[in-house]
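Colleague: give me coordinates for this.
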Amino acid sequence: MRHLRPSLERERALWVEGRGLVAGIDEAGRGPLAGPVVAAAVVFPAFYQAIRGVRDSKLLAPAARVRLAVLIRRRALAVGVGAASVHEIDSLNIRRATILAMRRALDRLTTQPAHILVDGLPCPELGCPHEAIVDGDALCHSIAAASIIAKTVRDRLMQRLAQYHPAYAWVTNMGYGTPEHLAALAEHGFTAHHRKSFSPVVQMELIGPSTASTPSETPPGAAYSGCPRLPTQLSAPSPPHSA
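Modeller: Residues are numbered from 1 along each chain as shown. From the prediction side, this is the model:
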């Protein structure tokens with residue numbers, strides 16, 4: 001089955017209407033058992049040519065994602081990256097934490113977009129007018145580019161965390177619940193980087209072994225130093241504005 005190629009159709013329509021710069025937003029890491037959720041916002045110049053090979057990041061090999069991330073950063077007017085920590089995921093729930101990461105990504109853009117395209121369903125908590133596109137990472141070039149940036153940044157963070165917790169195979173599974181990850185959870189318990197609100201981490205917290213890891217095992221900031229200015233404190237979502 002052939003996958004759809006993301007197009008600039010929606011962006012071009014907005015540019016022709018004189019709507020100004022357009023930002024695409026997507027996230028990576030909603031489903032894993034460990035690690036932060038990361039969002040990216042990408043703004044390209046109006047009427048620019050699509051970057052060949054850009055796809056939904058899940059359809060790309062790791063080496064292709066890294067190569068395309070370099071091209072995207074080179075050609076974009078602005079790229080913003082934000083994250084929500086494991087603590088925020090457990091405190092807020094994954095949906096609200098994901099929107100918080102998206103807000104942080106938008107806040108870090110050096111260029112203010114006039115229109116925002118978001119993958120998935122509408123997010124009133126985003127606090128600004130936006131257009132939601134279901135399967136946007138498969139259909140919309142700007143959103144697909146944002147998915148690549150978010151995925152490559154998160155993968156880099158998980159690979160750094162893997163240096164301190166090699167038993168969980170995060171260097172390859174990126175925190176997802178693969179058989180080797182689940183086996184390590186059963187043997188070693190959860191770490192400070194596991195989402196305790198996620199099953200089976202919840203079950204492990206209740207019945208896990210006494211060898212469960214403690215937050216002190218990873219030096220503060222060591223794994224996250226490659227993602228500049230990622231906040232660790234929770235900020236309350238802004239009230240939504242009228243579209």
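Colleague: alpha carbons only for contacts and neighbour counts from here, please
Modeller: Noted.
Colleague: please parse this protein into its domains.
Modeller: Domain ranges of the chain: 9-158, 160-217, per automatic domain parsing.
Colleague: any chance of these in TSV, with mean neighbour count and mean pLDDT too?
Modeller: As requested, the domains of the chain are exported to TSV (neighbours: other Cα atoms under 10 Å; pLDDT from 0 to 100):
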stretch	mean neighbour count	mean pLDDT
domain 9-158	21	95
domain 160-217	17	80
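Colleague: which strand or helix spans residue 39?
Modeller: strand 37-43 (DSSP states H and E).
Colleague: that strand - contacts with which helices or strands?
Modeller: Judged by 3 or more Cα pairs under 8 Å, 6 or more residues apart in numbering; DSSP states H and E, strand 37-43 is in contact with strand 22-28, strand 78-84, helix 94-107, helix 141-164.
Colleague: need the contact partners of stretch 79-92.
Modeller: By Cα atoms under 8 Å, 6 or more residues apart in numbering, the residues outside stretch 79-92 that reach it are 34-43, 73, 96-98, 100-110, 150, 193-197, 227, 230-232, 234.
Colleague: now it - C-alpha only, PDB.
Modeller: The C-alpha atoms that make up stretch 79-92 are tabulated as PDB, following Å, rounded to 0.1, in the frame of the first residue of the first chain:
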ATOM      1  CA  VAL A  79      11.700  26.100  14.300                       C
ATOM      2  CA  GLY A  80      10.500  25.900  17.900                       C
ATOM      3  CA  VAL A  81      10.700  22.800  20.100                       C
ATOM      4  CA  GLY A  82       9.000  22.300  23.500                       C
ATOM      5  CA  ALA A  83       8.500  19.400  25.900                       C
ATOM      6  CA  ALA A  84       6.500  18.300  28.800                       C
ATOM      7  CA  SER A  85       8.200  16.200  31.500                       C
ATOM      8  CA  VAL A  86       7.200  12.900  32.900                       C
ATOM      9  CA  HIS A  87       6.100  14.700  36.100                       C
ATOM     10  CA  GLU A  88       3.800  16.900  34.000                       C
ATOM     11  CA  ILE A  89       2.500  14.000  32.100                       C
ATOM     12  CA  ASP A  90       1.600  12.200  35.300                       C
ATOM     13  CA  SER A  91       0.200  15.300  36.900                       C
ATOM     14  CA  LEU A  92      -1.900  16.600  34.000                       C
END
